[in-house]
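**Q** Here is a sequence with its predicted model. Questions after.
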Amino acid sequence: MKGRLLWLTLAALLLVAGLATGSTIAFRLSYVLFAVPVIGLGMAALAARGLDARVRRVTAYLQVGDYIEEEISLRSLHWWPKLLIEARHATTPFASPGRVLSLWPYQSATWKTRTRAERRGLYEHGIVDVTLRDPFGLFERRRMLGKREAALIYPATVELPGFHVPAGRGWSEGIAAGRTLLPSPVAAGVRDFSAGDAANRVHWPTSLRVGRLMVKEFDREPAGPSDSIWVVLDLYEAAQAGTGVESTVEYAVTIAASVARRFLDGGRTVGLVIGGQEHTQIAADTGPAQLGRVLQALALAEPGASGPLLQTVTRAGGLVLPDTTAVIVTPGGPAETAAAVAFYQGREATAVPILLEAGSFRGEPSLHGGAYRLPGGGVDTYVIHKGDDIQRRLDYATAGHAPFGDIERAAAG
């Protein structure tokens, strides 16, 4: 705008000078200067015509922490050359720094971008912001090209090989010691045949090798589908602290996603309850499809006023049956968490609380040890502070299967 104004002002001054002095040169220069903006406007309009853009996402599965790779194509469908085009993918969080290029008639250009996925959620992408200018730099045309599409970024997960939970009155997943003759996916060894052993338990290759009957033993298997694990995520807005990725909300979502993935990958039956912007329940199931459902719900979960933790677990109480385990992820205080634990215990279910120490997310000194002991005691509890290594905090060997104070001290050490 300033360039055009300066150009027209100079043309007007030359025209006035020509009229005052009768100078032919001044008249001709003023005509040229008046003609240039008109020509530039026409060239900018022609450059903006017949242009097409397309964005193809190379990375199909999007998760926080991963890199999003995209291929952007810009194509000229017109006979007029398009010089010094500025193009960038304009949709957050996929916005790219941009690229300057020129396209000759019917030419196309393709380039790739790579950006890091920083925030979970549902986003729109696919729009390319294109700016075109005339050769004199006096006019510019801006066009938004492409097709708007939806992209879901799943929450981050961390590996939790050392995180174990009891499974109601069944065997403790991943912790149980000892052998059993009951069928199990894991054969542990063989032993001498005893009276009462079933014939189909005989391990014939070993029996033939040692010259006596030997029967198969099995490791105690993890809890079966009837011993479901429920991940209960407390996103009640009044209990949250911190901002952005360093908030109780994002830590809690990451923990919930990691716990669900850890047990679904192990063949367990997992359900999800979220109390936040709305109350969400996903029925317990197994397999990759269930993992997709859980991660999708967590990707969209936001804090809200659906109710505090106890209200959330009460509303979903009918889903949690005896012999199931509820992993509670909450920034709430010990008293409210203890009430939720007691609710599950009253239904003969097991509760494993994972507490986010909200004060540390507000910049306050972190509380340790007995400060977060649950009233009533006797419940194993994990505590996560801002900046903690989640994998290490939830590691069974590091924390130990012990009353809360011991877990806190072991994890802190």
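**A** Good, I have the coordinates.
**Q** Who are the contact partners of the most centrally placed residue in the chain?
**A** Nearest to the mean C-alpha position of the chain, by Cα atoms, centre = their mean, lies Pro155 at 1.7 Å. For Pro155, the contacting residues are Gln63, Val64, Arg120, Glu250, Val253, Thr254, Ala257, Leu295, Leu298, Ala299, by Cβ atoms under 8 Å, 6 or more residues apart in numbering. For every residue, glycine as well, the C-beta is placed using N, CA and C.
**Q** ok, now Leu356?
**A** Contacts of Leu356 by Cβ under 8 Å, 6+ apart are Thr248, Tyr251, Ala252, Val329, Thr330, Pro331, Val383, Ile384.
**Q** from those, which is closest to Gly317?
**A** Thr330 (16.2 Å; Cβ to Cβ).
**Q** Ignoring the adjacent residues along the chain, who's closest to that closest one?
**A** Asp234 (3.7 Å; Cβ to Cβ, 6 or more residues apart in numbering).
**Q** Touching, Leu233 and Ala301? I think so.
**A** Yes: using Cβ atoms under 8 Å, Leu233 is in contact with Ala301, at 6.8 Å.
**Q** intersection of neighbour lists for the two?
**A** With Cβ under 8 Å, 6+ apart, Leu233 and Ala301 have common neighbours Val253, Ile274, Gly276.
**Q** What about those, which are in strands?
**A** Counting by DSSP state E, the part of the shared contacts of Leu233 and Ala301 found in strands is Ile274.
**Q** who wins for most neighbours among the shared contacts of Leu233 and Ala301?
**A** In terms of neighbours by other Cβ atoms under 10 Å, those top out with Ile274 at 29 neighbours.
**Q** How much space separates that residue from Tyr236?
**A** Distance, Ile274 to Tyr236, using Cβ to Cβ, to the nearest Å: 10 Å.
**Q** shared neighbours, the two?
**A** Contacts common to Ile274 and Tyr236, judged by Cβ under 8 Å, 6+ apart, are Thr312.
**Q** Just list whatever residues bridge to the closest residue in space to Thr110 that isn't next to it in sequence.
**A** Excluding the flanking residues, the one nearest Thr110 by Cβ to Cβ, 6+ apart is Ser73, at 4.6 Å. Here Ser73 shows beta-bridge partners Arg54, Thr110, assigned using DSSP bridges.
**Q** Give me the neighbour count for Ser73.
**A** 15.
**Q** cool, Tyr251 as well?
**A** 23.
**Q** got it, and Pro365?
**A** When neighbours are counted by other Cβ under 10 Å, Pro365 comes out with 7.
**Q** Relative to Glu250, how far out is it?
**A** Pro365 is 22 Å from Glu250, by Cβ to Cβ.
**Q** again with Thr330
**A** Taken as Cβ to Cβ, the span from Thr330 to Glu250 is 14 Å.
**Q** And Gly304, by the same measure?
**A** 15 Å.
**Q** quick revisit: who wins for neighbours among the contacts of Pro155?
**A** Busiest of these [other Cβ under 10 Å] is Ala257, holding 29 neighbours.
**Q** residues touching that one, list them.
**A** Tyr154, Pro155, Ala156, Thr157, Val294, Leu295, Leu298 are the contacts of Ala257 under Cβ under 8 Å, 6+ apart.
**Q** ok, which pair from those residues is furthest apart?
**A** Applying Cβ to Cβ across the contacts of Ala257, the maximum distance is between Ala156 and Val294, 13.9 Å.
**Q** between the two, who's got more neighbours?
**A** Val294 (25 against 19).
**Q** Who are the packing partners of whichever strand or helix holds the more buried one?
**A** Following DSSP states H and E, one finds Val294 within helix 287-300. Applying 3 or more Cβ pairs under 8 Å, 6 or more residues apart in numbering; DSSP states H and E, we find helix 287-300 packed against strand 121-133, strand 140-154, helix 248-265, strand 270-275, strand 279-285.
**Q** Would you confirm that Glu118 contacts Val245?
**A** Yes: between Glu118 and Val245 there is a contact under Cβ under 8 Å: 7.0 Å.
**Q** How about Glu237: what's its closest non-neighbour residue?
**A** Nearest to Glu237 is Pro303, by Cβ to Cβ, 6+ apart, at 4.1 Å.
**Q** How much space separates the one you found from Gly242?
**A** Taken as Cβ to Cβ, the span from Pro303 to Gly242 is 11 Å.
**Q** Now do the shared contacts for the two.
**A** In contact with both Pro303 and Gly242: Val249, using Cβ under 8 Å, 6+ apart.
**Q** that older thread, next up, the contacts around the residue nearest to Glu237.
**A** Leu235, Tyr236, Glu237, Gln240, Val249, Gly276, Gln277.
**Q** confidence score at the fifth one?
**A** To tie it back to what came earlier, the one meant is Val249. We note a pLDDT of 96 for Val249 in this prediction.
**Q** Equivalent analysis for the first one, please.
**A** Note for Leu235: predicted pLDDT of 95.
**Q** Repeat that for the last one.
**A** The score at Gln277 is 91. That number is its pLDDT.
**Q** what sits against it?
**A** Leu235, Ala301, Glu302, Pro303, Gly304, Ala305, Ser306.
**Q** Point out the ones among the residues you listed that are inside strands.
**A** Using DSSP E, none of these sit in strands.
**Q** which among these end up buried?
**A** Buried members of the contacts of Gln277, scored by 16 or more other Cβ atoms under 10 Å, are Leu235, Ala301, Pro303, Ser306.
**Q** what's the farthest-apart pair in these?
**A** Ala301 and Ser306, at 10.7 Å, using Cβ to Cβ across those.
**Q** Show me whatever sits in contact with both of these two.
**A** Gly276, Gln277.
**Q** just the helices and strands packed on helix 287-300: most buried one?
**A** strand 270-275 (a mean of 26; mean count of other Cβ atoms under 10 Å).
**Q** Alpha carbons of that strand, as PDB, please.
**A** C-alpha atoms of strand 270-275 as PDB (Å, rounded to 0.1, in the frame of the first residue of the first chain):
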ATOM      1  CA  VAL A 270      -9.600 -52.500  29.600                       C
ATOM      2  CA  GLY A 271     -12.300 -49.900  30.000                       C
ATOM      3  CA  LEU A 272     -12.200 -46.100  30.300                       C
ATOM      4  CA  VAL A 273     -14.100 -43.600  32.400                       C
ATOM      5  CA  ILE A 274     -13.400 -39.800  32.000                       C
ATOM      6  CA  GLY A 275     -14.900 -37.100  34.100                       C
END
